[in-house]
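**Q** Return a 3D structure for these sequence lines:
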Amino acid sequence: MAITFEEFTAQLNGSIFWKEFTFSQNQFSPRPGQELELADSFVWLGETAFVIQMKERAKPTDDPGVEGRWFKDAVRRKAVSQVKDSVRFLKEHETISIANGRGQRYDVRGSDLRHIEKVVLYAAGPSLPDECRRIQYHDSETAGFIHIFERSDYSLVVKMLAVPDEVRRYLQYREKALVELRAIKTAVVESDILAAYMSDENIPTPSSHKHLDRLVDDADHVDLSVIMNRLADHIQNPDHSGDYARILLEFAKLPRSAWRAARERLDLSIGAAKNEHFEKPYRFYFPETDCSFMFAPFPPGKPTTGQEGEQARTIGLQNLTAAAKYLSKARRGIGVVVSKDGEFLHLDWCLIDEPWMHDPEFDAHLASNSPFRDIREKRMNGYYFVNG
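**A** Coordinates of the predicted model:
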């Protein structure tokens, strides 16, 4: 079954950014009788948003001149103008009500957004001139830097990066790189920029894409999306809000290196729970978002079901999450406890979100009876490459 460009992008963004943060039903009515559209696609990650406009060549011709004129009118003029409108709407309207990929409606406040990434996607026919395909951005006096992607390039980028915050970081790197490359009159393709970003090059070169041949595919050691998609059924939140999207958002704000750290500790906890082996809880702290993360296997030999078992899981989860948060002096703390129930596993999650406050009694308790192993600072890479 064929799908439209908009449906393709909605599915792609929903799989990478999660449906909770992807919005494709973006019509809003600021006043009776007036209907506007915020954007073709809108991704909202806390203080960061992605405004995306799309243009597809419905009936391409074999004439490069005709296709070039379509690109100039539809992509460089109309889509860019729509992006400018999106930015203006966010400034002019106090709130804009839109629905995400799960049908949940939220009010977006432009004043809460610190970063707005602006993107134009296009799907052209094969006769589009190369000089059009080489246009990778538009610099607007009013809206700033606007990324321009051909559909296949955008798909490559988000599938390769596969972590919401990595896409944000990539777009910031891409903007800086393209501005510098223009100054030195050097042309690169999208895979050059992508490979340069993943391998920590200061600036892409026309040969940077060769690094992708040496990229290690270790998604099984990093990916959290399958687990996160089941999160709503397994949350135990101390404030009883049930807002699992807040936990998702904290993971969405992490780079790939932190996903690797989370997946490693989660896998260790799952392994210990499966084997009914006692292990101390694991934890780490990510300073950029001021959030601690705690992962623990439930102690073997204790009941995990029934009223007694469920209460023990909940209390243990909340206490360990609070302790990890306190030791990190973090604003927020996320915790997960893994327990075994016959052939099945329970993964219970919670979020504590409150300002850190010094507690001498808690200090004394943790000093004499800390449930955690010692920790140390450690650098973890987001991507690994085979030596060439």
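**Q** which helix of this structure spans the most residues?
**A** Scanning the chain for the longest helix, with DSSP state H as the assignment, gives helix 306-328.
**Q** Now do that helix: which elements does it pack against?
**A** Here helix 306-328 touches strand 282-286, strand 291-297, strand 332-341, strand 344-353, helix 360-369, going by 3 or more CB pairs under 8 Å, 6 or more residues apart in numbering; DSSP states H and E. Every residue, glycine included, has its C-beta placed from N, CA and C.
**Q** Mind listing what's buried along that helix?
**A** Within helix 306-328, the residues scored as buried using 16 or more other CB atoms under 10 Å are 309-310, 312-313, 316-318, 320-328.
**Q** which residues sit in contact with the residue positioned nearest the centre of the chain?
**A** Centroid check for the chain by CA atoms, centre = their mean gives Pro164 as the closest residue, at 1.8 Å. Residues in contact with Pro164 (CB atoms under 8 Å, 6 or more residues apart in numbering) are Ile16, Phe17, Trp18, Phe21, Val43, Leu45, Ala252, Lys253.
**Q** now swap in Lys19 and tell me
**A** Contacts for Lys19 (CB under 8 Å, 6+ apart) come out as Asn100, Gly101, Arg102.
**Q** Quick check on these: which are buried?
**A** A residue is treated as buried here by neighbour count (16+ other CB under 10 Å); on that basis the buried members of the contacts of Lys19 are Asn100, Gly101.
**Q** Using TSV, please lay out the contacts of Lys19 together with secondary structure, pLDDT and distance to Lys118.
**A** Conversion of the contacts of Lys19 to TSV gives the following (DSSP: H, G, I helix; E, B strand; the rest coil; pLDDT from 0 to 100; distance: CB to CB, whole Å):
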residue	secondary structure	pLDDT	distance to Lys118
Asn100	strand	92	20
Gly101	coil	89	21
Arg102	coil	86	25
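**Q** want to throw the contacts of Lys19 into CSV with distance to His147?
**A** Output for those, formatted as CSV (distance: CB to CB, whole Å):
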residue, distance to His147
Asn100, 22
Gly101, 22
Arg102, 27
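**Q** which of the contacts of Lys19 lies closest to Val222?
**A** Nearest to Val222 among the contacts of Lys19: Gly101, at 22.8 Å, using CB to CB.
**Q** Name the nearest residue to that closest one, sequence neighbours excluded.
**A** Across the structure, with CB to CB, 6 or more residues apart in numbering as the measure, the residue nearest Gly101 apart from its sequence neighbours is Lys19 (3.0 Å).
**Q** Just the pLDDT at that neighbour, thanks.
**A** Looking at Lys19, its pLDDT reads 88.
**Q** hang on, isn't Gln82 packed against Gln53?
**A** Yes - using CB atoms under 8 Å, Gln82 and Gln53 qualify as a contacting pair, with a distance of 4.6 Å.
**Q** More neighbours: those two, which one.
**A** Applying other CB atoms under 10 Å to Gln82 and Gln53 shows that Gln53 carries more neighbours, namely 24 against 17.
**Q** in which helix or strand would I find the more buried one?
**A** strand 48-56 (DSSP states H and E).
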